[in-house]
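Asker: fold the stuff below for me.
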Amino acid sequence: MPVHFSDLGINIQFQKSLSELQISAPTEVQEKTIPIILNQKEDLVVLSKTGSGKTAAFGLPLLQLIDSENTNIQTLILAPTRELAQQIYHNLSSFAHNQNQIKIVGLYGGTPVKPQIEALSNTTHMVVATPGRLLDLMKRDAIDLKNLQYLVLDEADEMLSALKEEVNQIISVIPQSRRTLLFTATMPGTLKQLVQNYMSKDVIQIEVDTETLGHQDIDHQYVVVEPIEKLEVLLHFLNSKSGERGIIFCKTKAAVNKLAKKLAINRFSSGAIHGSLTQKIRDRIMEQFRAGQIDILVATDLAARGIDVKELSFVINYHLPDTFEAYVHRSGRTARAGAKGLSLSILQTDEVQKIPEFEAALGINFSKLAKADAQSIEENNALLWAKKIFKTKPNREVSEEFKGKIKTIFHHLTKEELLDKVLADYLAQSKSDLKSSGSSKKN
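Answerer: The predicted model follows:
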């Protein structure tokens, strides 16, 4: 018999909001978590894969537990990135659509601090924040957390890997009597230490869908390349997935910028996000990606947190992540809402030895993808060249006289003959470039 949100204790006003959002049945993590938050008092650790519905799992019961007549901040939700904090804020606002008396404030960087200070000067029941912006407001004495009852750490594993100091600072000054709810996809040692240091001894632990942390619906593959082949193999793969959507992960901001430029040159529908971009640019790129206006997003690990976009058919590890946890989070961007997905890692020979380690740690199996042969790569490069020409806008500054001289040279050729000659010239030039590249490497 299917479980409904009413069975979990969610009241009619929130059920109405869920119905308006076309959310009809709880996910497993919601089914296990909501009754505990509503009916028990213990701290809670929830280990569940990315994309399993964690925001509603803590958001719905915490919204229901708000005392709207109490003007103090009762709940603080911390998230590692602006994008994730924004997403949580918008989700909670949607859940509380029919409960206008509940006041929620979002606090994150990339937006002016003054409006956030003004919002906090009014009644605020729930705050969604990134650690950096919250600490800034705490130093300004713009936020009062002395009556805090609930603390949520979302994507806690990622937060502690990048923002451990800031999180510890915040936890050390909020009331010890608060109830702490921790949500994570993986449980690294630093997180276990935080649980021991800041949570009660009677903490409840829930594990959902963790028999395969790497997701059962994801096909994990790797392809081995020489460094010089890496970009061409990637472009070949992307061309084979024309019209499909995905995310490419790089280790550094510089690598993201460099790869995004290469994709743009080859006329792929793509965009890039990393921490050094302004919030305005990041918001615009993410809006385009969510709306399907761009197909490929190039991102760093931290910048990609909070991306909950359905219908992503692939994730590419252009650089293999340093930790198993990061791999879980990367691959978790695909295979959402019951769909199938592909996680492809493009490796150099010395990285292949790491694959068994990832398999053992995450309980997953990788299959080796055969690298495209030289002819396929050559043909793919020619296709990219042709698309580039097709999408090139005419140069209106060329004089008619000069254009006429060019036409005179080609006027006796048919369309097919002209195509044959232009293609032959491109292929000859490509071989020449390849030879000169090989020669320069030897020297």
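Asker: chain center to stretch 134-142, what's the gap?
Answerer: 28 Å (C-alpha atoms, centre = their mean, to the nearest Å).
Asker: need the contact partners of that stretch.
Answerer: With C-beta atoms under 8 Å, 6 or more residues apart in numbering as the test, stretch 134-142 has contacts from 76, 78, 107, 113, 116-117, 120, 127, 143, 145, 166, 169-170, 173. All C-beta atoms are positioned from the backbone trio N, CA, C, and that covers glycine.
Asker: how close does Leu259 sit to Ile316?
Answerer: 10 Å (C-beta to C-beta, to the nearest Å).
Asker: now for the two: what residues contact both?
Answerer: Ile248.
Asker: setting aside sequence neighbours, what's the nearest residue to Asn317?
Answerer: Once its chain neighbours are removed from consideration, Asn317 has its nearest residue in Ser345; the separation is 4.1 Å (C-beta to C-beta, 6 or more residues apart in numbering).
Asker: identify the bridge partners of the one you found.
Answerer: Note on Ser345: beta-bridge partners by DSSP bridges are Tyr222, Asn317.
Asker: if I look at it, what pLDDT would I see?
Answerer: Reading off the per-residue confidence, Ser345 sits at a pLDDT of 96.
Asker: next one: Leu418
Answerer: The predicted local confidence for Leu418 comes out at a pLDDT of 86.
Asker: element containing it, please.
Answerer: Here Leu418, judged by DSSP states H and E, is contained in helix 415-442.
Asker: ok, which stretches of this protein are strands?
Answerer: Applying DSSP state E to the chain gives strands spanning 44-48, 75-78, 104-107, 126-129, 150-153, 179-184, 204-208, 218-225, 246-249, 270-273, 296-299, 314-317, 341-348, 366-368.
Asker: same for the fourth one, what does it pack against?
Answerer: What that stands for is strand 126-129. Packing partners of strand 126-129 (3 or more C-beta pairs under 8 Å, 6 or more residues apart in numbering; DSSP states H and E): strand 75-78, helix 82-95, strand 104-107.
Asker: and the helices in the stretch 251-400 of the chain?
Answerer: With helices called from DSSP state H, counting those that start in this stretch, the stretch 251-400 of the chain shows them at 253-265, 279-290, 324-331, 355-362, 374-391, 400-410.
Asker: next up, the contacts around the residue nearest to Asn317.
Answerer: Under the criterion of C-beta under 8 Å, 6+ apart, the contact partners of Ser345 comprise His220, Gln221, Tyr222, Val223, Ile316, Asn317, Leu320, Phe366.
Asker: pLDDT check: weakest of those residues?
Answerer: Among these, Leu320 has the lowest pLDDT, at 91.
Asker: mind checking pLDDT for Ser200?
Answerer: In this prediction, Ser200 carries a pLDDT score of 86.
Asker: that one: how many residues sit nearby?
Answerer: Ser200 is surrounded by 14 other residues when neighbours are defined as other C-beta atoms under 10 Å.
Asker: so it touches Glu42, yeah?
Answerer: Yes. The pair formed by Ser200 and Glu42 meets the contact definition of C-beta atoms under 8 Å, at 6.4 Å.
Asker: which residues do these two both contact?
Answerer: Counting by C-beta under 8 Å, 6+ apart, Ser200 and Glu42 have no contacts in common.
Asker: okay, the helices of the stretch 251-400 of the chain, which one's buried deepest?
Answerer: The densest packing among those, expressed as mean neighbour count by mean count of other C-beta atoms under 10 Å, is seen in helix 324-331 with a mean of 23.
Asker: and the angle from that one to helix 355-362?
Answerer: Orientation check (axes from the mean of the first three to the mean of the last three C-alpha atoms, to 10 degrees): helix 324-331 against helix 355-362 gives 90 degrees.
Asker: could I get helix 324-331 in PDB with only the CA atoms?
Answerer: Coordinates of the C-alpha atoms in helix 324-331 are reproduced here as PDB (Å, rounded to 0.1, in the frame of the first residue of the first chain):
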ATOM      1  CA  PHE A 324      35.600   8.900  -3.300                       C
ATOM      2  CA  GLU A 325      33.100  11.300  -1.800                       C
ATOM      3  CA  ALA A 326      33.600  13.800  -4.700                       C
ATOM      4  CA  TYR A 327      33.000  11.000  -7.200                       C
ATOM      5  CA  VAL A 328      29.700  10.100  -5.500                       C
ATOM      6  CA  HIS A 329      28.600  13.700  -5.700                       C
ATOM      7  CA  ARG A 330      29.700  14.100  -9.300                       C
ATOM      8  CA  SER A 331      28.100  11.000 -10.600                       C
END
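Asker: list the helices and strands it packs on?
Answerer: In this structure, helix 324-331 packs against helix 156-173, strand 314-317, strand 341-348, helix 355-362, with contacts taken as 3+ C-beta pairs under 8 Å, 6+ apart.
Asker: got the angle between it and strand 218-225?
Answerer: Per the same axes, to 10 degrees, the angle that helix 324-331 makes with strand 218-225 is 110 degrees.
Asker: quick one: helix 324-331 to strand 179-184, angle?
Answerer: 70 degrees.
Asker: alpha carbons only: can I get stretch 82-101 in PDB?
Answerer: Listed next in PDB are the C-alpha coordinates belonging to stretch 82-101 (Å, rounded to 0.1, in the frame of the first residue of the first chain):
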ATOM      1  CA  ARG A  82      25.300  29.800  -3.000                       C
ATOM      2  CA  GLU A  83      23.500  27.700  -5.600                       C
ATOM      3  CA  LEU A  84      22.500  25.000  -3.100                       C
ATOM      4  CA  ALA A  85      21.400  27.600  -0.500                       C
ATOM      5  CA  GLN A  86      19.300  29.400  -3.200                       C
ATOM      6  CA  GLN A  87      17.800  26.100  -4.200                       C
ATOM      7  CA  ILE A  88      16.900  25.100  -0.600                       C
ATOM      8  CA  TYR A  89      15.500  28.600   0.000                       C
ATOM      9  CA  HIS A  90      13.200  28.500  -3.100                       C
ATOM     10  CA  ASN A  91      12.100  24.900  -2.300                       C
ATOM     11  CA  LEU A  92      11.200  25.800   1.300                       C
ATOM     12  CA  SER A  93       9.400  29.000   0.100                       C
ATOM     13  CA  SER A  94       7.400  26.800  -2.300                       C
ATOM     14  CA  PHE A  95       6.500  24.300   0.500                       C
ATOM     15  CA  ALA A  96       5.400  27.200   2.700                       C
ATOM     16  CA  HIS A  97       3.300  28.800   0.000                       C
ATOM     17  CA  ASN A  98       0.100  28.300   1.900                       C
ATOM     18  CA  GLN A  99       1.600  29.300   5.200                       C
ATOM     19  CA  ASN A 100       2.200  33.000   4.700                       C
ATOM     20  CA  GLN A 101       2.900  33.600   8.400                       C
END
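Asker: done for today, thanks.
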